[in-house]
Each structure stands twice: as structure tokens, then as C-alpha cells.
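Participant: after the sequence you'll find the predicted model.
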Amino acid sequence: PPPEDLDPVLREVPSSDVLQAEAIENRPELDAVAAVIAARESAVSLAERQYYPDLSVMTSYNTMWMAVEHRWMLGVGLNVPIQLGTRRAGVDEARARQRRAELQLLGSTDDILVEVETARQRLLEAQHVIALYRERLLPVARAQIEAGRIGYETGQNTFQALIDGQRHAELERAIGHIPGLPEEEDVR
């Protein structure tokens, strides 16, 4: 049986802004980079806290002491940050890593926007090619084949001329020429 009519439905393509906004909202790699940025912000906060003194409390019980009053021990430790250069360098490093992650987010966002626009333009191009085939190529090819068929039926053409017309139409389609147009204006 002849094939079913596979007429593709050409849907309207949304604008670039709509598609790009949807991509930015839905792409998981942007969520991953945002999580890295949050982690880097926490690292900056931790590095800034290294300037504060560190207070520690300790307790222990040791049965090796003969005197009972010595078995329990209580201690307090105070770590005063006096190496300010090291702490400043730690904060600078944490901020640099955070900035790197922010720039990575910008780069990933730009890559996604370009990818979306490229895919959108390819779709528009494909729809344009389909429209050219429907509106120009197929009607001319069908007309050539029909003329060959009518010529064959009326005895003005041979069967070979009909077959040659079909093969010629196939070749023109394969190389991207639009019958009826001069070669320099062919649309591919």
C-alpha cells in the first residue's frame, strides 16, 4: 500500500528569551555550580572565623592517680590567633575560590544560552527547508512527473522518458536544487 501522509506539523518556535529562560531554570549543571558557590561562601565564612580565639574545655578521669582528688581533671584552652598573615591568606584563597565558582556559573550560563540559540536557529532552518520543499520543489517535481506520465499515456513519450523524469527529480532533490530556478539562485 502507499505510505501514509507523513505531513510534519510545523509548530511555532518560541522566542529566544522564553527558551533561554526555561533552559536556565531547568539545567541541572547550573544547580550544581550554584551548590559549589554556596559551599565556597561557607568556606569564606569559616576562613573569616579563624580570626576569633578558639576556646576549648576538657575533662578527664584517670584512675592511675593514687589521690582521689587528682583523678578528675578539668582544663581550659585558649588559642589566640596571632599569625594574621596566614589567616588573611586563607580568607583571600577562600574568596578567590568563591569568585572562580561565580565566574564558572556565568560561563556555564553563557554556554547554555548559546546552545539554546543554536538549536533554535537549526530548528528554524529545518522548518524553512521543509517549507521550500513543500512550496517549490515538490510541486515542480510532481508537475514534471505528471507531464512525463501524460506524455507516456498519450503516446508522445516513451516509458523510459517517464522513468528518466522521475530519476532526474530524485537527483535534483538529492543535490538540493530547486527545479525551475536558475542554478545560482538555488536554495539549499
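Facilitator: Sure thing, it's come through. All values derive from a computational prediction rather than experimental measurement.
Participant: residue ranges with poor pLDDT in this structure?
Facilitator: 1-3, 5-10, 162, 178-188 (pLDDT under 70).
Participant: do a quick rundown of the helices in it.
Facilitator: 16-26, 28-49, 84-132, 138-153, 159-175 (DSSP state H).
Participant: and the residue nearest the centre of the protein?
Facilitator: Ile112 (4.2 Å; C-alpha atoms, centre = their mean).
Participant: ok, now which ones touch that residue?
Facilitator: Gln20, Ala23, Ile24, Arg27, Glu29, Leu30 (C-beta atoms under 8 Å, 6 or more residues apart in numbering). The C-beta positions use only the backbone N, C-alpha and C, and glycine is treated the same way.
Participant: can you count the residues close to the second one?
Facilitator: Put plainly, it is Ala23. 17 (other C-beta atoms under 10 Å).
Participant: isn't it up against Glu117?
Facilitator: No - using C-beta atoms under 8 Å, Ala23 makes no contact with Glu117, being 9.8 Å away.
Participant: ok, back up a step: and the contacts of Ile112, which two are furthest apart?
Facilitator: Among the contacts of Ile112, the pair separated by the greatest distance (C-beta to C-beta) is Gln20 and Glu29, at 14.8 Å.
Participant: spit out the contact partners of Val44.
Facilitator: By C-beta under 8 Å, 6+ apart, the neighbours of Val44 are Val91, Ala94, Arg95, Gln98.
Participant: so what's it closest to, chain neighbours aside?
Facilitator: If the residues on either side of it in the chain are set aside, Val44 comes closest to Ala94, at 4.3 Å by C-beta to C-beta, 6 or more residues apart in numbering.
Participant: please verify my assumption that the one you found contacts Ala43.
Facilitator: Yes - Ala94 lies in contact with Ala43 (C-beta under 8 Å); the separation is 4.5 Å.
Participant: who touches both of the two?
Facilitator: Common neighbours of Ala94 and Ala43 (C-beta under 8 Å, 6+ apart) do not exist.
Participant: more neighbours: Gln20 and Glu29, which one.
Facilitator: Gln20 (19 against 12).
Participant: which one of the helices of the chain lies nearest to Asn62?
Facilitator: Closest to Asn62 of those, according to C-beta to C-beta: helix 28-49, at 33.1 Å.
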